[in-house]
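[1] Dropping a prediction and its sequence here:
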Amino acid sequence: MDGASIAVIAVVVVTFAIVLFTRYNSVIVLALGMIAAYILSFILTDGNMFSVWTELGYNTADIGTAENFLTIITSSFLHKNIWHLLSNIVFLLLIGLSMKRRVSNLKFLLIVLIGDIS
């Protein structure tokens, strides 16, 4: 696993920890985590993020393996280009902010993960 993939995994772990163990708005934290993962993977791969997508992107051929579980989570932080990232963040802010008022951080994170799996 290359350095960019490890950096993305670290961003995901830190983002989830902040969402679960602090009172920060989980929608904003997830949006910032996605931005951080994109910037790190872009910089650490000199703009050629294919290796990160290959290692951390969700692959239906690996269903049932431990490695697949990690890719289910990390793939939600991977974006093909800046427009893909921005459109996901806009959707997260529009839907997530209104939903977040009704549920806890843990429930919101579970909803996001279930949505990423489907």
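    Received it, and whenever you're ready, just let me know what you need.

[2] For the closest residue in space to Leu109 that isn't next to it in sequence, give its distance to Phe42.
    Leaving out its chain neighbours, the residue that sits closest to Leu109 by Cβ to Cβ, 6 or more residues apart in numbering is Val19, at 5.3 Å. C-beta: built from backbone N, CA, C; applies to glycine. Distance of Val19 to Phe42, computed by Cβ to Cβ, to the nearest Å: 23 Å.

[3] Ser41 contacts Val8, doesn't it?
    Yes. With contact defined as Cβ atoms under 8 Å, Ser41 counts as touching Val8 (5.5 Å).

[4] still on that earlier bit, more neighbours: which of Val19 and Phe42?
    Val19 (21 against 18; other Cβ atoms under 10 Å).

[5] buried ones in stretch 83-100?
    Neighbour counts over stretch 83-100 (16 or more other Cβ atoms under 10 Å) mark 85, 88-89, 92, 96, 100 as buried.

[6] Grab the two from the residues you listed that are most spread out in space.
    Farthest-apart pair in those is Leu85 and Lys100; separation 20.0 Å (Cβ to Cβ).

[7] how far away is the residue in the chain sticking out farthest from the centre from Phe108?
    Residue farthest from the centre of the chain, counting by Cα atoms, centre = their mean, is Arg102 at 21.9 Å. Distance, Arg102 to Phe108, using Cβ to Cβ: 9 Å.

[8] if we can go back for a sec, could I have the strand or helix carrying the residue nearest to Leu109 exported to CSV, CA atoms only?
    Applying DSSP states H and E as the criterion places Val19 in helix 3-21. C-alpha atoms of helix 3-21 as CSV (Å, rounded to 0.1, in the frame of the first residue of the first chain):
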residue,chain,number,x,y,z
GLY,A,3,1.7,6.5,1.1
ALA,A,4,-1.3,8.2,-0.5
SER,A,5,-3.5,5.3,0.4
ILE,A,6,-2.3,5.2,4.0
ALA,A,7,-2.9,9.0,4.2
VAL,A,8,-6.5,8.6,3.0
ILE,A,9,-7.1,5.8,5.6
ALA,A,10,-5.6,8.1,8.3
VAL,A,11,-8.0,10.9,7.2
VAL,A,12,-11.0,8.5,7.3
VAL,A,13,-10.0,7.3,10.8
VAL,A,14,-9.5,10.8,12.2
THR,A,15,-12.7,12.0,10.6
PHE,A,16,-14.7,9.2,12.1
ALA,A,17,-13.1,9.7,15.5
ILE,A,18,-14.0,13.4,15.4
VAL,A,19,-17.6,12.6,14.4
LEU,A,20,-18.0,10.0,17.1
PHE,A,21,-16.1,11.5,20.0
